[in-house]
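Novice: Generate a structure from the sequence data that follows.
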Amino acid sequence: MWSTFLGLMPSGLVLICTILSFVVPLGTYLINQLLHKNGDPPWKQQNETAQQQSKPPEAKS
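Specialist: Numbering: from 1, shown residues only. The predicted model follows:
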């Protein structure tokens with residue numbers, strides 16, 4: 001039974017590459033968000049908050 005299960009499992013390299021294909025883009029996204037949070041100039045941060053506040057409320061139907 002175990003030999004059948006192990007025969008269906010992909011090799012270690014395939015598993016590592018599959019995990020990396022998820023972790024690398026996620027890490028890049030999180031680092032990018034952190035850099036923008038800490039590194040954007042004050043005028044850009046104020047502009048983004050003003051845009052978020054100036055959005056009109058959605059009409060209820």
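Novice: tell me the mean pLDDT for stretch 37-55?
Specialist: Throughout stretch 37-55, pLDDT has a mean value of 76.
Novice: Which parts of it count as buried, going by neighbours?
Specialist: Buried residues in stretch 37-55, counting neighbours by 16 or more other CB atoms under 10 Å, are absent. Backbone N, C-alpha and C define where each C-beta goes, glycine included.
Novice: Tell me how far it lies from the chain's centre.
Specialist: 21 Å (CA atoms, centre = their mean, to the nearest Å).
Novice: export that stretch as CSV, just CAs?
Specialist: The C-alpha trace of stretch 37-55 is given here as CSV (Å, rounded to 0.1, in the frame of the first residue of the first chain):
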residue,chain,number,x,y,z
LYS,A,37,4.5,52.0,3.3
ASN,A,38,7.9,53.2,4.7
GLY,A,39,9.5,54.8,1.6
ASP,A,40,6.8,56.8,-0.2
PRO,A,41,7.3,60.6,0.1
PRO,A,42,4.8,62.4,2.4
TRP,A,43,3.1,64.2,-0.6
LYS,A,44,2.3,60.8,-2.2
GLN,A,45,0.9,59.3,1.1
GLN,A,46,-1.3,62.4,1.6
ASN,A,47,-2.6,62.1,-2.0
GLU,A,48,-3.5,58.5,-1.6
THR,A,49,-5.4,59.1,1.6
ALA,A,50,-7.3,62.0,0.0
GLN,A,51,-8.3,59.8,-2.9
GLN,A,52,-9.6,57.2,-0.6
GLN,A,53,-11.6,59.7,1.4
SER,A,54,-13.0,61.5,-1.7
LYS,A,55,-14.7,58.5,-3.1
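Novice: And the contacts of that stretch?
Specialist: Contact with stretch 37-55 is made by no outside residue, as judged by CB atoms under 8 Å, 6 or more residues apart in numbering.
Novice: could you point out the longest helix in the protein?
Specialist: helix 12-39 (DSSP state H).
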